[in-house]
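>>> sequence and predicted structure below; questions after.
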Amino acid sequence: MLDPPPVDYTHCPQCQTSLRGSPQFCPGCGLALSQKAAHGLDQAEDDIFADAAAATDEDEVAMLGDLRELVEEHPDAVHEALQHAEEARDE
Ligand SMILES: [Zn+2]
């Protein structure tokens, strides 16, 4: 999969937090700083639903159903969790 290189921001265009490296998200306000990051949020949601469709185990289906509700009810919390996942992956 070919992704375009991330845009090199030195400051967040939204909150002016100074940025080091090429973060996918602003550490200050959580703004998605690349197309890929913005896209990733949608993709992560799609992945959850794809997993749910593929799951056959009853417990797994129930768990994924809960997760789906969580995404729908608390998109900000999910966004934040995904941010942390991105940060952990970069380290
Ligand atoms: Zn920001």
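That came through, no problem.
>>> so what touches stretch 25-39?
Here stretch 25-39 makes contact (Cβ atoms under 8 Å, 6 or more residues apart in numbering) with 3-4, 6-7, 9, 12-15, 17, 19, 22-24, 40-41, 79-80, 83, 86-87. To be clear about C-beta, it is placed using only N, CA and C from the backbone, and glycine gets the same treatment.
>>> let's see it at 10 Å
Applying Cβ atoms under 10 Å, 6 or more residues apart in numbering, the external contacts of stretch 25-39 come out as 3-9, 11-20, 22-24, 40-41, 43, 76, 79-80, 82-84, 86-87.
>>> from residue 86, how far off is the residue lying farthest from the centre of the chain?
Farthest-out residue of the chain from its mean C-alpha position, per Cα atoms, centre = their mean: residue 58, at 26.5 Å. Residue 58 is 32 Å from residue 86, where distance means Cβ to Cβ, to the nearest Å.
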